[in-house]
Structures are given as structure tokens and as C-alpha cells.
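Enquirer: Next come a sequence and a model predicted from it.
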Amino acid sequence: MDWSPGYREVAPPAALAGAVACLWVGVTPAEGAPPTRVLPDACVDLIWQRGTGVFLAGPDTGPCLMPMPPGTVLAGVRLRPGAGGPALGRPLTGLLDQRPGPADLRDELPRGLGARLAAEVPGELTPYDALRRLAGLAGDLVTSAPPDPLVTAAV
């Protein structure tokens, strides 16, 4: 995958396509960029940020401006509507419009998932390794807890 400045999405592995909308990477140029406007899409993203580690995003109830300091490198896995709650093992109402980071997730997510995210996808990885680990973790999560079929049908 290309790590030059910009935002790119790639299709998930076929086995995850029912629960994962896409894998993506975002790289801010060294000279910086204006905040990115993220529109609500009923999805939850597992996001790795270089130097920080993993955090969750959404689902959002309205547009969100995300500051993107110069040189920010992000890699993410976007879970489809109906997939985030089962995968994370909790209702998503507590995550609406939130961006909980690794420390916030340790106690919030069941089955030690927050600690697993922090341990398996630390901030000092290469973007490729972070994306690969996020995709593997998302695969484990959605295989053990598939998307809600009623939400999937409604979407």
C-alpha cells in the first residue's frame, strides 16, 4: 500500500467483507493540512496512529472535525453498521461521538479487548504492520461475533 500523503481505502479480504467495509490509510503531508471532516456513516473504526497506538472512532451522530497535525499517519479498519457492537462485545451507545484511546479502552471493553488492542497494535509499528494486525484482530472479532443480521438487512 502507498504511504504517501493522502487518504486511500482498499477492499477488505473477502472473508471479512460482510463485517468490514474497508481498510484505509491516511497520511498528512509534512507541511500539515486542514482538519478532516468525517461524516457520520453508522460505522465504527479501529484506528492506529503512529506514535500513539489504537483508538476507536464512532459511531458519529453528526459531522466531526479531526485535526491532522503535520506528518500524522493513520491506518484503520472500518466495521460495517451492525458489526461494531457484536465485535466489541458491548452496545455502541457509550461510544457515540467518542474517540476513546488505548488507556480509555482497557476497562471499557469486555474480554480484555482494550488491553489486547494496545498490546497487539502499539504505536511504534510500521503502518503496514499496524494495518495487517488491525485486519487480523478485526477478523478474529467479527468471526467470533458476526454482525447483527437485522441491522445488516436494514442497511
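Expert: Yep, it's here.
Enquirer: Now do G6, the pLDDT please.
Expert: We have a pLDDT of 86 for G6.
Enquirer: give the contact list for it.
Expert: 26-27 (Cβ atoms under 8 Å, 6 or more residues apart in numbering). Yep, even glycine has a C-beta here, placed from its N, CA and C like the rest.
Enquirer: cool, G51 as well?
Expert: Per Cβ under 8 Å, 6+ apart, neighbours of G51: 123-124.
Enquirer: From G82, how far out is it?
Expert: Distance of G51 to G82, computed by Cβ to Cβ, to the nearest Å: 32 Å.
Enquirer: just R132 next, same as before
Expert: 25 Å.
Enquirer: element containing G76?
Expert: strand 73-79 (DSSP states H and E).
Enquirer: Buried residues of the helix or strand that that strand is followed by, list them for me.
Expert: Scanning forward in sequence from strand 73-79 by DSSP H and E, the next helix or strand is helix 84-88. Buried positions in helix 84-88, judged by neighbour count with 16 or more other Cβ atoms under 10 Å: 84-88.
Enquirer: Likewise for stretch 28-37?
Expert: Going by neighbour count (16+ other Cβ under 10 Å), the buried part of stretch 28-37 is 28, 33.
Enquirer: now the protein, which segments are flagged as low pLDDT?
Expert: 1-2, 102-115 (pLDDT under 70).
Enquirer: what residue is smack in the middle of it?
Expert: The centroid of the chain falls nearest to L46 when counting by Cα atoms, centre = their mean (1.8 Å).
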